[in-house]
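**Q** Fold the following, please.
(2 chains)
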Amino acid sequence: QKEVEQNSGPLSVPEGAIASLNCTYSDRGSQSFFWYRQYSGKSPELIMSIYSNGDKEDGRFTAQLNKASQYVSLLIRDSQPSDSATYLCAVLVGGANSKLTFGKGITLSVRP
Amino acid sequence: GAVVSQHPSWVICKSGTSVKIECRSLDFQATTMFWYRQFPKQSLMLMATSNEGSKATYEQGVEKDKFLINHASLTLSTLTVTSAHPEDSSFYICSDSGIVNEQYFGPGTRLTVT
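**A** Prediction:
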């Protein structure tokens, strides 16, 4: 089982809709979870971090964490064409020598 | 978040030559920085952890003699790709260790080896 898994995608939603991106992880000891956005040809940009169970909202973005089920999700409300990008889920794994492990990413396309 | 710069943003080199990539943490004293590599249509893969004043820690499968990392100061880490080959062509991205484990990435360096 891969350490961090994301839906294969791509995901296409109409402008104004809610985009839901999901991610599961295998290390139950993981404590830190991140969502990065990566535009084509650019480096990843941190958009959300979450450390405790529940929801964390920042503008149009909501991260949700469920440690018991080992999943973390990202909701994008009122999706805009500018949200079209690849979204990478990242989990800090490994305890004392922790490393950021990335999922493969899911490409989101927001149709005008 | 932290601001990280990289130089150069892109480089083309001939097979067999060496290329040095610089990564600077502009507003944070980073004792630890990270080097990643990303091939087209793939996710980021951690290559090594760069530690200020000590040897880098390399991930399994990454040749430490080929990818030389130097972290001589709290704001600068360098990655030198030695004897580059076409299969080393990739997008190299560094990040700093950030606060609360949040990593902020540099803009990346696109390396093309001809």
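**Q** going forward, measure contacts between C-alpha atoms and count neighbours the same way
**A** Will do.
**Q** for residue 57, phi and psi?
**A** I went with chain A, as the question did not name one. phi -110, psi 140 (degrees, to the nearest 10).
**Q** Just give the nearest non-adjacent residue to it, would you?
**A** Counting by C-alpha to C-alpha, 6 or more residues apart in numbering or on different chains, A:Ala63 is the residue found nearest to A:Glu57 once chain neighbours are left out, at 6.4 Å.
**Q** contacting residues around that neighbour?
**A** A:48-50, A:55-57, A:72-75 (C-alpha atoms under 8 Å, 6 or more residues apart in numbering or on different chains).
**Q** Check the residues you listed against chain B and report the nearest one.
**A** A:Ser49 (7.5 Å; C-alpha to the nearest C-alpha).
**Q** how about the residues of chain B near chain A?
**A** Counting by C-alpha under 8 Å from any C-alpha of the partner chain, chain B comes close to chain A at B:42-46, B:93, B:101-108.
**Q** closest to B:Cys23 among these?
**A** Distance to B:Cys23 across the residues of chain B next to chain A (C-alpha to C-alpha) is lowest for B:Gly106, with 7.3 Å.
**Q** would A:Ala90 count as being in a strand?
**A** Yes: using DSSP: H, G, I helix; E, B strand; the rest coil, the assignment for A:Ala90 is a strand.
**Q** Give me the neighbour count for it.
**A** Using other C-alpha atoms under 10 Å in any protein chain shown, A:Ala90 is surrounded by 28 other residues.
**Q** returning to that earlier point: can you show me the CA trace of the host helix or strand of the residue nearest to A:Glu57 as CSV?
**A** Assigned by DSSP states H and E, A:Ala63 falls within strand A:61-66. Only the C-alpha atoms of strand A:61-66 are listed here, as CSV (Å, rounded to 0.1, in the frame of the first residue of the first chain):
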residue,chain,number,x,y,z
PHE,A,61,-10.8,26.3,1.1
THR,A,62,-11.8,23.8,3.8
ALA,A,63,-9.5,20.9,4.8
GLN,A,64,-11.0,18.0,6.6
LEU,A,65,-9.1,15.5,8.7
ASN,A,66,-10.3,12.1,10.1
